[in-house]
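Enquirer: Sequence below, structure please.
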Amino acid sequence: MAYDETTFRSQGETDPAAYRRRVQYDEGTTGNLAPATTGSLPGGPDDGRDRLGIHLGWEVVLLLAAAAIGFLLYREDSAALQRPALDALLVTGAAVGLITLAGGLSLRAGVPNLAIGPIVLAAEFQFAENGDKGMLQALVPALIIAAAGGLIVAAIVLVLHVPGWAATLAAGLGVVVFDQLRVAAVAVQGDWDPTDKAFLLFGGFAVLAILGGGLGAIGPVRRFVGRMRPTGDPSRRRGGMVAVPVILALVGSSVFAAGAGVIIAGQSTAPIRPGTGLEWTGIGIGLAMLAGTSAYGRRGGIFGTLFAVVALTLFLDYQTRRDLDIALFAIAGAVFGAGLIVTRLVETYGRPLPAGVGEDWNAAASNGTAWSPTLPETWSTPAAPPARSDRWDDGPWGTAR
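Expert: Residues are numbered from 1 along each chain as shown. Sure thing, here's the model as predicted:
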């Protein structure tokens, strides 16, 4: 469909530029050309094109914060950054990192997994009770059960098309019931020590974090993963393609949480106590938002998760050595609150530029007068000039002399 004057006038349009943009959009959505947006007009408030400048700037702030906390820890006890204390620090960072990856992956997909905390605690109990039977028998069932649970929740979200946070919260409450079946603390069985593989565990987390952030920086990948981001009426279905990112996000986040629980239990020297595990949900979701992942989905940075995890891991060790005795729930609440502020910054400065920037054609009048195609035509034939008399007969040489 091309620009047509007759069609333009018959549809009662008053702005030729707006009509031209709408025609171009219709051609992209109904013809062979695939639209480059996620459902809004080009140049609209949210057409899927995000700016990464705010993420890169915030990641510099996170890096400086991690360096400052590391300096404070070094001044408090220089041995904290040397082996063997460094191995324990790296293992803690790997566990916190997996929990943050779980929260960030589900946030990117628009289905925040609020069950990751209870899953972490359930995996701790699984390893504590079966660690003496071998690493394979203690780890594999936890991962399989977590993946199956994530798949079931994903099916509920897709079939009923309900918010991910609601479905995962219901699943998390069910896992809490399983966690609280223990009436007493459970001593960790077995002798597996994750500090022997500290660099491998933390390195694996770092690679996953950077690789995931790098893939998320690619526009088509980011828009594909964030198809569940709220736009318009959130209760309307988003099509069949949304199933893939939802399933991957919920299954992957559940598996990450289970792996983190096994690492925490293997590192623990004290018995695993019954609880809810919701503090880990607050830390995972909150730290992911603090790293730059939007609470609304899709938007996120590249190195923010790595820097945020390093900063929190150093702070946890620092507050322990200073005997500050800050509750994990308090830390989770503070991190979550800060993450909400970062989400506001990301949504404000990460959206595309306003519409109309770089407009290449506009037929509107430039003198402030609104032109309407319905105005009657005012063309008329110009009046004929008055007949000129024959001036040869005038004057001293005329015939009338």
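
Enquirer: where does this structure dip in pLDDT?
Expert: 1-49, 353-401 (pLDDT under 70).

Enquirer: One more pass at 80, please.
Expert: Applying pLDDT under 80 to the chain flags residues 1-52, 190, 226, 228, 230-235, 238-240, 350-401.

Enquirer: where along it do the helices fall?
Expert: Using DSSP state H, the helices of the chain run over 5-10, 16-30, 53-76, 85-108, 116-130, 135-160, 164-179, 198-216, 219-225, 243-267, 278-290, 304-321, 328-349.

Enquirer: So which of those is nearest Gly190?
Expert: Smallest distance to Gly190 across the helices of the chain (C-beta to C-beta): 6.9 Å, for helix 135-160. All C-beta spots, glycine's among them, are computed from the backbone N, C-alpha and C.

Enquirer: if I look at Val120, how far off is Ala265?
Expert: Using C-beta to C-beta, to the nearest Å, Val120 is found at 9 Å from Ala265.

Enquirer: Can you pick out the residue with more neighbours from these two?
Expert: With neighbours defined as other C-beta atoms under 10 Å, Val120 and Ala265 compare such that Val120 has more, 32 against 28.

Enquirer: Just give the closest residue to the more buried one, not the sequence neighbours.
Expert: Gly261 (4.1 Å; C-beta to C-beta, 6 or more residues apart in numbering).

Enquirer: Run through who's touching stretch 325-342.
Expert: 58, 278-283, 285-292, 295, 312, 315-316, 319 (C-beta atoms under 8 Å, 6 or more residues apart in numbering).

Enquirer: Only the buried subset of those, as a PyMOL command please.
Expert: This is how PyMOL selects the buried members of the contacts of stretch 325-342, with burial counted by 16 or more other C-beta atoms under 10 Å:
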select buried, resi 58+278+279+280+281+282+283+285+286+287+288+289+290+291+292+295+312+315+316
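
Enquirer: residues contacting Gly292?
Expert: 54-55, 58-59, 299-301, 304, 342, 346.

Enquirer: rerun that using 7 Å as the cut-off
Expert: Contact analysis of Gly292 by C-beta atoms under 7 Å, 6 or more residues apart in numbering lists 55, 58-59, 300-301, 304, 342, 346.

Enquirer: still on that earlier bit, count the residues that sit near the residue nearest to Val120.
Expert: Neighbours of Gly261 using other C-beta under 10 Å come to 31.

Enquirer: Next up, the contacts around it.
Expert: Contacts of Gly261 (C-beta under 7 Å, 6+ apart): 119-124.

Enquirer: Distance to Leu105 for those residues - can I get that in a markdown table?
Expert: Shown next, in a markdown table, are the contacts of Gly261 (distance: C-beta to C-beta, whole Å):
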| residue | distance to Leu105 |
| --- | --- |
| Ile119 | 13 |
| Val120 | 15 |
| Leu121 | 20 |
| Ala122 | 19 |
| Ala123 | 17 |
| Glu124 | 21 |
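
Enquirer: on that earlier part again, make CSV out of the helices of the chain and add distance to Arg236.
Expert: Below are these laid out as CSV (distance: least, C-beta to C-beta, whole Å):
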stretch, distance to Arg236
helix 5-10, 30
helix 16-30, 17
helix 53-76, 29
helix 85-108, 21
helix 116-130, 27
helix 135-160, 13
helix 164-179, 15
helix 198-216, 25
helix 219-225, 18
helix 243-267, 15
helix 278-290, 25
helix 304-321, 31
helix 328-349, 21
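
Enquirer: Of these, which is nearest Asp191?
Expert: Using C-beta to C-beta, the nearest of the helices of the chain to Asp191 is helix 243-267, at 9.5 Å.

Enquirer: tell me how far that closest one is from the chain's mean position?
Expert: 18 Å (C-alpha atoms, centre = their mean, to the nearest Å).

Enquirer: And that helix, what's buried?
Expert: Neighbour counts using 16+ other C-beta under 10 Å place 243, 245-247, 249-267 of helix 243-267 among the buried residues.

Enquirer: Alpha carbons of stretch 134-149, in PDB - could you do that?
Expert: What follows is stretch 134-149, C-alpha atoms only, in PDB (Å, rounded to 0.1, in the frame of the first residue of the first chain):
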ATOM      1  CA  GLY A 134      27.900 -39.900  46.800                       C
ATOM      2  CA  MET A 135      27.900 -36.700  44.900                       C
ATOM      3  CA  LEU A 136      25.900 -38.100  42.000                       C
ATOM      4  CA  GLN A 137      23.000 -39.400  44.100                       C
ATOM      5  CA  ALA A 138      22.900 -36.200  46.200                       C
ATOM      6  CA  LEU A 139      23.100 -33.700  43.300                       C
ATOM      7  CA  VAL A 140      21.200 -35.300  40.400                       C
ATOM      8  CA  PRO A 141      17.800 -35.800  42.100                       C
ATOM      9  CA  ALA A 142      17.900 -32.200  43.300                       C
ATOM     10  CA  LEU A 143      18.500 -30.900  39.800                       C
ATOM     11  CA  ILE A 144      15.900 -33.200  38.200                       C
ATOM     12  CA  ILE A 145      13.200 -32.300  40.700                       C
ATOM     13  CA  ALA A 146      13.900 -28.600  40.300                       C
ATOM     14  CA  ALA A 147      13.800 -28.900  36.500                       C
ATOM     15  CA  ALA A 148      10.500 -30.800  36.700                       C
ATOM     16  CA  GLY A 149       9.000 -28.300  39.000                       C
END
